[in-house]
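Enquirer: I would like the atomic coordinates for the input below:
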Amino acid sequence: MRSEFFTRFMRRVSFPMLCGLALGLTSFSPLRAATCRDPVGFDAFLTSMKREAAAQGISPAAISALDGVAYDPSIIKRDHGQHVFHQSFEQFSGRMVNSYRLHKGASLIKKYAATFDRIEQTYGVPAPIIVALWGLETDFGAVNGDTPTLPALATLAYDCRRTERFQAELLDALRLIQRGDLTPGQMRGAWAGELGQTQFMPSSYLKYAVDFGGGRDLIHNVPDVLASTANYLKGYGWQRGAGWNPGEPNFAVIKEWNKADVYARTIAYYASRLAGDQ
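Expert: Below is the predicted model of the structure:
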């Protein structure tokens, strides 16, 4: 299911803003993958990435997570096979905002009511919008993905198409390891490197993950997932108490999550259904 949502990452942010999320990349000069798409050159490229990581102050222990990482041609095949949404809002929202997600979402709002109250007090983001993202991204954590993150990011970093973008994400994945958020073995998610129950890229994980009781664990700890998602939205300008439907102030923040209009409108619609507004 997650592959159809990869356009969220590709369309959500511009490259300069994405790089701004990456810690310590002010002097980052992307390495050239001169023989990209030729697996023969991948090991030399990975060695260069290790040197770059060391130059940026990433610890040897974290860098060692790249030992044994192999090029994965299946990742490139999936990346190059992506297509932009062609469905209408009515078609897409009708399929995605189904009875299961509505009932499950409503039950989770009740189950985590105290957590959501605390989150809204802290970040100003109400439960329905967080649950809408949670449900649409991974069916509330049921479909996080099981692709090893480091090989996926390294393969995409080596490919010619978005080398700079994914080199930055690969370095930030190493920073997550260095910071102690995740071990290399725990870093499994979507095929393009997204992690956790609301699918954060490593740069967003570094910038927006918060400890709400689980140590910034966006894979297993639900309060951390929910609070970090709210923190992300607040970081992009969420206005406490303002509306989120098209034409209202917070719809622009939803568009920062996903610039595809059909998806952003579906998030808003799903949240409104959960809030009882539609």
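Enquirer: Who are the contact partners of Asn144?
Expert: Applying CB atoms under 8 Å, 6 or more residues apart in numbering, we find Asn144 in contact with Arg2, Thr138, Arg188, Gly189, Ala190, Leu195, Gly196, Gln197, Gln199, Ile219. In this view, the C-beta of every residue, glycine as well, is placed from N, C-alpha and C.
Enquirer: Now the fifth one: closest residue in space, sequence neighbours ignored.
Expert: This means Ala190. What sits nearest to Ala190 in space, not counting adjacent residues and going by CB to CB, 6 or more residues apart in numbering, is Gly145, at 3.9 Å.
Enquirer: and that neighbour, what helix or strand is that in?
Expert: Assessed by DSSP states H and E, Gly145 sits outside every helix and strand.
Enquirer: roughly how far apart are it and Tyr112?
Expert: With the distance defined as CB to CB, to the nearest Å, Gly145 ends up 23 Å from Tyr112.
Enquirer: Does Ser272 touch Asn245 like I think?
Expert: Yes: in this structure Ser272 lies within contact range of Asn245 using CB atoms under 8 Å: 6.3 Å.
Enquirer: Can you pick out the residue with more neighbours from those two?
Expert: Ser272 (18 against 15; other CB atoms under 10 Å).
Enquirer: now that one: how far from Leu195?
Expert: Going from Ser272 to Leu195 by CB to CB gives 28 Å.
Enquirer: didn't Asn258 look like it was pressed against Ala268?
Expert: No: using CB under 8 Å, Asn258 is not in contact with Ala268; the gap is 10.8 Å.
Enquirer: overlap in contacts of the two?
Expert: Between them, Asn258 and Ala268 share no contacting residue, judged by CB under 8 Å, 6+ apart.
Enquirer: which stretches of the protein have low pLDDT?
Expert: By pLDDT under 70, the weakly predicted segments of the chain are 1-37, 82-85, 278.
Enquirer: How about the contacts made by the nearest residue to Arg216 once chain neighbours are set aside?
Expert: Nearest residue to Arg216, sequence neighbours excluded (CB to CB, 6+ apart): Ala209, at 4.3 Å. By CB under 8 Å, 6+ apart, the contact set of Ala209 is Asp181, Phe200, Arg216, Leu218, Asp224, Ser228, Asn231.
Enquirer: Let's see which of the contacts of Asn144 end up in strands.
Expert: Arg188, Gly189 (DSSP state E).
Enquirer: Make TSV out of the contacts of Asn144 and add neighbour count and distance to Leu150.
Expert: Converted to TSV, the contacts of Asn144 look like this (neighbours: other CB atoms under 10 Å; distance: CB to CB, whole Å):
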residue	neighbour count	distance to Leu150
Arg2	19	18
Thr138	23	20
Arg188	17	10
Gly189	26	11
Ala190	26	13
Leu195	26	11
Gly196	28	15
Gln197	27	20
Gln199	27	17
Ile219	18	15
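Enquirer: Out of the contacts of Asn144, the closest to Ser74 would be?
Expert: The closest of the contacts of Asn144 to Ser74 turns out to be Ala190 (CB to CB; 13.3 Å).
Enquirer: Was I right to think the closest one contacts Pro148?
Expert: No: under the criterion of CB under 8 Å, Ala190 makes no contact with Pro148, lying 11.2 Å away.
Enquirer: Gln87: which element?
Expert: Short version, using DSSP H and E: Gln87 is in no helix or strand.
Enquirer: what's the distance between the closest residue to Tyr232 other than its chain neighbours and Thr229?
Expert: Residue nearest to Tyr232 in three dimensions, not counting chain neighbours: Tyr208, with 4.3 Å by CB to CB, 6+ apart. Applying CB to CB, the value for Tyr208 to Thr229 is 8 Å.
Enquirer: Of the two, which one has the most company?
Expert: Higher neighbour count among Tyr208 and Thr229: Thr229, with 30 against 21, using other CB under 10 Å.
Enquirer: Report the secondary structure state of that one.
Expert: Secondary structure for Thr229, judged by DSSP: H, G, I helix; E, B strand; the rest coil, is helix.
Enquirer: ok, now which ones touch it?
Expert: Val125, Ile130, Leu133, Trp134, Thr198.
Enquirer: Looking at those, which are in strands?
Expert: Per DSSP E, the subset of those in strands is empty.
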